[in-house]
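J.: below are the sequence and a predicted model for it; my questions follow.
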Amino acid sequence: MDAGYGAIRLGRLVAAGLSLSALALLLGCESGEEKLRERVDAALAADDSVGNYRFGLDADGGRMTLSGTVPDVAYRRRAVAIVTATSGVTDVIDRIVVVAPVVPVDSTSAPAGARAPAPGGRMGHM
């Protein structure tokens, strides 16, 4: 076998490999990052404490950026722990925001210790 034939054969193998890669992209085969995002998303969704919250997930190699909003620091810590424990994750960037839920105020009830208005709608003096 001469060197020229080997080079041609190698060139054909490389071209075939590139063609298969292009075909995989066209057919929608998932990348490693997409598979990692899916594993992390499934792990978060399966958890009883954070499974009802929506998180943004961005993978860059093994680095996972986690974003979203939760009502308490405990939920934030739990989500980060789940992502950190997921196979394939090497680093977690935490961009979760903790926002306390707003409790509606009932305007018909006065806070504890407040004086009730005197007849006629004006506050009485003591």
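T.: Now that the structure is in, tell me what you want to look at.
J.: so what's Asp58 bridging to?
T.: Beta-bridge partners for Asp58, by DSSP bridges, are Thr65.
J.: thought it was touching Gly68?
T.: No - the criterion here is Cβ atoms under 8 Å, and Asp58 misses it with Gly68 at 11.7 Å. Just so you know, the C-beta spots here come from the backbone N, C-alpha and C atoms, and that holds for glycine as well.
J.: the more surrounded of the two?
T.: More neighbours surround Gly68 than the other of Asp58 and Gly68, with 17 against 13 (other Cβ atoms under 10 Å).
J.: confidence score at Arg122?
T.: According to the prediction, Arg122 has pLDDT 53.
J.: cool, and Val80?
T.: For Val80, pLDDT reads 98.
J.: and what of the one 3 residues further on?
T.: What the model reports as pLDDT for Val83 is 98.
J.: burial measure for Leu44, as a count.
T.: For Leu44, the count of nearby residues is 22 (other Cβ under 10 Å).
J.: name the SS class of the residue nearest to Thr84 when sequence neighbours are not counted, please.
T.: Spatially, and ignoring its direct neighbours in sequence, Thr84 is nearest to Val92 (5.2 Å; Cβ to Cβ, 6 or more residues apart in numbering). Using DSSP: H, G, I helix; E, B strand; the rest coil, the secondary structure recorded for Val92 is strand.
J.: count the residues that sit near Val92.
T.: Count around Val92 with other Cβ under 10 Å applied: 20.
J.: just Val97 next, same as before
T.: By other Cβ under 10 Å, neighbour count at Val97 equals 10.
J.: low-confidence stretches in this protein?
T.: Residues of the chain meeting the criterion pLDDT under 70: 1-30, 107-126.
J.: where do the helices of it begin and end?
T.: Secondary structure of the chain (DSSP state H): helices at 3-26, 32-46, 73-85.
J.: residues contacting stretch 32-43, please?
T.: 30, 55, 57-62, 64, 82-83, 85-89 (Cβ atoms under 8 Å, 6 or more residues apart in numbering).
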